[in-house]
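Colleague: Sequence and predicted structure, then a few things I'm wondering about:
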Amino acid sequence: MRDYEVVYVFRSALATEDIEARVEKYHERILSADGAEITAVENWGKRELAYPIDDQRNGVYVVAQFTAPSEVLTDFERALKLDEELLRHLVVLSE
């Protein structure tokens, strides 16, 4: 098991409930592994992007920390890439 941190950047037009539902769906993929757990989730809210992404100048940032085996990341990141409402994401090892 390793500790990870993920940053999601969603389109700013999404409602808060939609963002929470999407984050919950992503986290279910992580929790499908034995012993995996979500340790923290923070919604940073709407922020201006450093540069436009798909003609968007703002995004809603959500940061989460979790513990999971590395095998779960493949399926998790595939799901993130397929979501058109997610502008960017980054998964890193947390130390």
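Modeller: Sure thing, it's come through. Numbering: from 1, shown residues only.
Colleague: so what's residue 76 closest to, chain neighbours aside?
Modeller: Spatial nearest neighbour of residue 76, excluding adjacent residues (Cβ to Cβ, 6 or more residues apart in numbering): residue 29 at 4.9 Å. All C-beta atoms are positioned from the backbone trio N, CA, C, and that covers glycine.
Colleague: any idea which helix or strand comes after the host helix or strand of that neighbour?
Modeller: Per DSSP states H and E, residue 29 falls inside helix 16-31. Using DSSP H and E, the next helix or strand after helix 16-31 towards the C-terminus is strand 37-53.
Colleague: quick one: residue 4 from residue 65, how far?
Modeller: Between residue 4 and residue 65 the computed distance is 7 Å (Cβ to Cβ, to the nearest Å).
Colleague: Which neighbours do the two have in common?
Modeller: The contact sets of residue 4 and residue 65 overlap at residue 94 (Cβ atoms under 8 Å, 6 or more residues apart in numbering).
Colleague: on that earlier part again, surely the residue nearest to residue 76 touches residue 72?
Modeller: Yes. If you go by Cβ atoms under 8 Å, residue 29 and residue 72 touch, sitting 7.0 Å apart.
Colleague: What pLDDT does the model give residue 13?
Modeller: Looking at residue 13, its pLDDT stands at 91.
Colleague: One more: the one 3 residues further on?
Modeller: Here the pLDDT value assigned to residue 16 is 91.
Colleague: With residue 95 as the reference, measure out to it.
Modeller: As judged by Cβ to Cβ, residue 16 and residue 95 stand 31 Å apart.
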